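K.L.:
Quick one, structure for this:
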Amino acid sequence: MYCNKYGEKILATKKQHWTDYLEDMTATDIWTANKYLKELVGDGGSPRILTLRFKDGQGRETQINNSKDKADIPAKLFFPHLLTQ
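P.N.:
Here you go, the predicted model:
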């Protein structure tokens, strides 16, 4: 009983929020609303990490874009003792 009321309240709140957003939008918000409407809901659980930027021991900045290196960098930084075993 309470679960149904809770779920209904969430749906009503989301609907009201969207209505308020559309009614109060500015010209720049139109592009954001268009993006919301055109994109698929969610990303199917696909994990994404933005480009990582870090400085190496010599102070040179490096950008990492591939997934394997994005996983390796934090492992090397946070758990270096595990990599030497």
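K.L.:
rest of the way, CA atoms for contacts and neighbours
P.N.:
Fine.
K.L.:
burial of Ala75, as a residue count?
P.N.:
For Ala75, the count of nearby residues is 14 (other C-alpha atoms under 10 Å).
K.L.:
Which SSE is immediately downstream of the helix ranked longest in the chain?
P.N.:
Ranked by residue count under DSSP state H, the longest helix found in the chain is helix 2-24. Note on helix 2-24: by DSSP states H and E, the next helix or strand toward the C-terminus is helix 29-38.
K.L.:
send the alpha carbons of that next one over as PDB?
P.N.:
C-alpha atoms of helix 29-38 as PDB (Å, rounded to 0.1, in the frame of the first residue of the first chain):
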ATOM      1  CA  ASP A  29      17.700  25.500 -22.200                       C
ATOM      2  CA  ILE A  30      16.000  24.400 -25.500                       C
ATOM      3  CA  TRP A  31      19.200  22.700 -26.600                       C
ATOM      4  CA  THR A  32      19.500  20.900 -23.400                       C
ATOM      5  CA  ALA A  33      15.900  19.700 -23.600                       C
ATOM      6  CA  ASN A  34      16.500  18.600 -27.200                       C
ATOM      7  CA  LYS A  35      19.500  16.600 -26.000                       C
ATOM      8  CA  TYR A  36      17.400  14.900 -23.300                       C
ATOM      9  CA  LEU A  37      14.700  14.000 -25.900                       C
ATOM     10  CA  LYS A  38      17.100  12.700 -28.500                       C
END
